[in-house]
Each structure stands twice: as structure tokens, then as C-alpha cells.
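*Asks:* The following block contains a protein sequence and its predicted model.
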Amino acid sequence: MTSDLVTAHHLCRKAVIYIRQSTPHQVMTNQESLRLQYALRQRASDLGWTEAGIEVVDTDL
């Protein structure tokens, strides 16, 4: 699935996906939200970014 809004100009830049939860409790209880945020990696891939061009930042979970 591609989008007319995503151009070569966009695809030459890195797609950075920042995964976040506000509190440690949310990390444990909001698993669906976490799953949806991680699914953004696939969305970026579907829009044309290469795996090397996608970075997921989840170091502070």
C-alpha cells in the first residue's frame, strides 16, 4: 500500500517511530496501544520505506 502523499523526498529520509507509554503501569496494562505503536513499523514499510530506513525508538519503556 502506497500513498500519493509520500514522495521520493520523504523516502530518502529516515522514518523514526517513537514508542512511548507515560508510566510503567501503562506499559503493563496498555498492551494493545503498545502493539499498535509497534505496527507503525509495518505501516512505514507499506508506504515505501526500506527496513534500513526505519528506526524504532523504544529505549525508555
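*Replies:* Right, received. Where do you want to start? Quick caveat, the model's predicted, so the values are computed rather than measured.

*Asks:* so where's the chain uncertain?
*Replies:* 1, 61 (pLDDT under 70).

*Asks:* just the strands in it please.
*Replies:* 15-18, 54-57 (DSSP state E).

*Asks:* okay, those strands in CSV with mean neighbour count and distance to Pro24 next?
*Replies:* Quick note: C-beta positions are derived from backbone N, CA and C, even for glycine. Formatted as CSV, the strands of the chain follow (neighbours: other C-beta atoms under 10 Å; distance: least, C-beta to C-beta, whole Å):
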stretch, mean neighbour count, distance to Pro24
strand 15-18, 15, 17
strand 54-57, 14, 18
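
*Asks:* mind checking which of those is nearest Leu40?
*Replies:* strand 15-18 (4.7 Å; C-beta to C-beta).

*Asks:* The closest one pairs with which strands?
*Replies:* Using DSSP bridges, the strands paired with strand 15-18 are strand 54-57 (parallel).

*Asks:* who touches the strand it pairs with?
*Replies:* 14-19, 38, 41, 44-45 (C-beta atoms under 8 Å, 6 or more residues apart in numbering).

*Asks:* Show me which of those residues is closest to His25.
*Replies:* Nearest member of the contacts of strand 54-57 to His25, counting by C-beta to C-beta, is Ile19, at 16.1 Å.

*Asks:* My guess is the closest one contacts Ala39. True?
*Replies:* No. If you go by C-beta atoms under 8 Å, Ile19 and Ala39 don't touch, sitting 10.6 Å apart.

*Asks:* Identify whichever of the strands of the chain lies nearest to Ser3.
*Replies:* strand 15-18 (12.8 Å).

*Asks:* now the closest one, how far from the centre of its chain.
*Replies:* 5 Å (C-alpha atoms, centre = their mean, to the nearest Å).

*Asks:* One more: stretch 20-27?
*Replies:* Worked out by C-alpha atoms, centre = their mean, stretch 20-27 lies 17 Å from the chain centre.
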